[in-house]
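Chemist: Return atomic coordinates for the entry below.
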Amino acid sequence: MIKIAIDAMGGDFGAEPIIAGVIEALKQREFQAYLVGDESKLKSLIPHKYSKFITFVQSSEVFAMDESATDALKRKESTIFKAVELVRNGDCKAVVSAGHSGASMSLATLRLGRVKGISRTAIATLMPTTQANQKTLVLDVGANVDCKAENLFEFAIMGYAYAKEIMKIDNPRIGLLSNGEEDCKGNEITKDAFEMLKKLDSFIGNVEGNQIFDGSVDVIICDGFVGNILLKTSEGVASAITKIIKQSVKKSPLAILGAILMKSVFRGLKNQIDYDEYGGAPLLGASQPVIKAHGSSDARAFKNAIRQAKECVENRVIEEMQNALHELKTANKEAE
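Modeler: Okay, here's the model as predicted:
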């Protein structure tokens with residue numbers, strides 16, 4: 001049975017939605033959940049029938065969102081530190097946290113280590129597209145605010161490997177997010193990265209923001225500052241559109257009738273753009289599976305984050321990525 005370490009108190013809304021997500025995940029498929037948090041507060045949230053799947057790891061310290069990621073290594077009693085240690089010590093196979101992104105990245109890098117050949121880990125996320133059953137992988141979306149061209153090149157290789165091995169895309173198309181498609185567009189770092197990336201057969205050049213959602217590219221590379229703004233803006237737009245539709249429908253009986261007739265269409269649209277359906281973002285480059293759930297995750301989102309962690313373990317994501325990275329880097333060196 002797969003053992004998953006869970007930061008049970010790291011989210012924006014405390015332990016309740018996290019534990020509810022754990023229970024929902026257990027309803028779908030059994031696994032062993034190592035809940036890191038204050039046992040006195042967590043135990044009452046666990047239905048008796050699921051207690052045999054729960055192991056409590058005591059910790060009452062939560063790494064706050066306003067704390068510096070550089071302090072994560074010092075906070076050895078924090079829930080995120082202890083969750084990562086469970087994986088480092090071999091007690092668990094993956095870790096899931098809705099807490100501090102920087103702390104998760106820092107601890108994953110320093111305590112678990114990186115995949116050989118990777119200097120920085122990156123948070124990746126899937127974005128919906130207008131093409132049926134197609135998603136765009138975007139990285140980095142928050143782990144590295146400042147990047148060098150070499151980092152962006154490594155992100156591209158990791159994204160390529162993930163898209164090929166996990167998303168099952170035979171020939172993933174890689175694009176570099178910029179302010180125009182022309183080769184000369186971008187800042188100094190992206191221009192340098194462009195020169196490195198064009199050595200890859202899979203690189204299609206610079207891409208603009210509107211291409212994220214049109215299905216014309218499979219993997220989009222950017223630094224964590226740009227990527228995080230992109231992610232939060234996209235979430236905000238999706239939420240705003242949903243609210244506008246609801247407000248408009250309520251304005252007339254005819255619109256309400258039309259909405260009822262289109263209920264299945266709206267449900268499909270919601271599922272396609274709802275972040276909760278994706279659950280969490282993998283921290284690519286870490287030597288063990290680390291899934292970063294959104295801080296405001298509800299039970300459904302956290303359930304899906306756990307599902308993603310289990311899939312990473314079952315599909316041997318790290319091993320497959322490392323093999324793909326080695327093959328791609330070897331081919332690139334031979335081409336030189």
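
Chemist: got any ranges where this structure has weak pLDDT?
Modeler: Residue ranges of the chain with pLDDT under 70: 265-266, 268-279, 328-329, 331-336.

Chemist: What's the separation between the closest residue in space to residue 16 that isn't next to it in sequence and residue 143?
Modeler: If the residues on either side of it in the chain are set aside, residue 16 comes closest to residue 45, at 6.6 Å by CB to CB, 6 or more residues apart in numbering. Using the backbone N, CA and C atoms, a C-beta is placed for each residue, glycine as well. Distance, residue 45 to residue 143, by CB to CB, to the nearest Å: 30 Å.

Chemist: Which of the two has more residues huddled nearby?
Modeler: Neighbour count, other CB atoms under 10 Å: between residue 45 and residue 143, residue 143 has more, with 30 against 15.

Chemist: Would you confirm that that one contacts residue 107?
Modeler: No - Residue 143 lies out of contact with residue 107 (CB atoms under 8 Å); the separation is 12.0 Å.

Chemist: quick revisit: would you list the phi and psi of the residue nearest to residue 16?
Modeler: Residue 45 adopts backbone torsions of phi -90, psi -10, taken as degrees, to the nearest 10.

Chemist: Can you give the contact residues for the helix or strand hosting residue 95?
Modeler: Using DSSP states H and E, residue 95 maps to strand 94-97. For strand 94-97, the external contacting residues (CB atoms under 8 Å, 6 or more residues apart in numbering) are 2, 4-7, 10, 79-80, 83-84, 86-87, 104, 108, 280, 288-293, 302, 305-306, 309-310, 312-313.

Chemist: re earlier: the residue nearest to residue 16 reaches residue 18, doesn't it?
Modeler: No - counting by CB under 8 Å, residue 45 does not reach residue 18; the two are 9.1 Å apart.

Chemist: who touches whatever helix or strand comes next after the strand holding residue 95?
Modeler: Next along the chain after strand 94-97, taking DSSP H and E as the criterion, comes helix 101-107. Helix 101-107 has contacts (CB under 8 Å, 6+ apart) with 63, 67-70, 72-73, 78, 80-81, 84, 97, 121, 123, 142-143, 283, 290, 292.

Chemist: Repeat that for stretch 52-71.
Modeler: 5, 9-10, 12, 22, 26, 30-39, 42-43, 46, 72, 75, 77-83, 86, 99-103, 105-106, 295.
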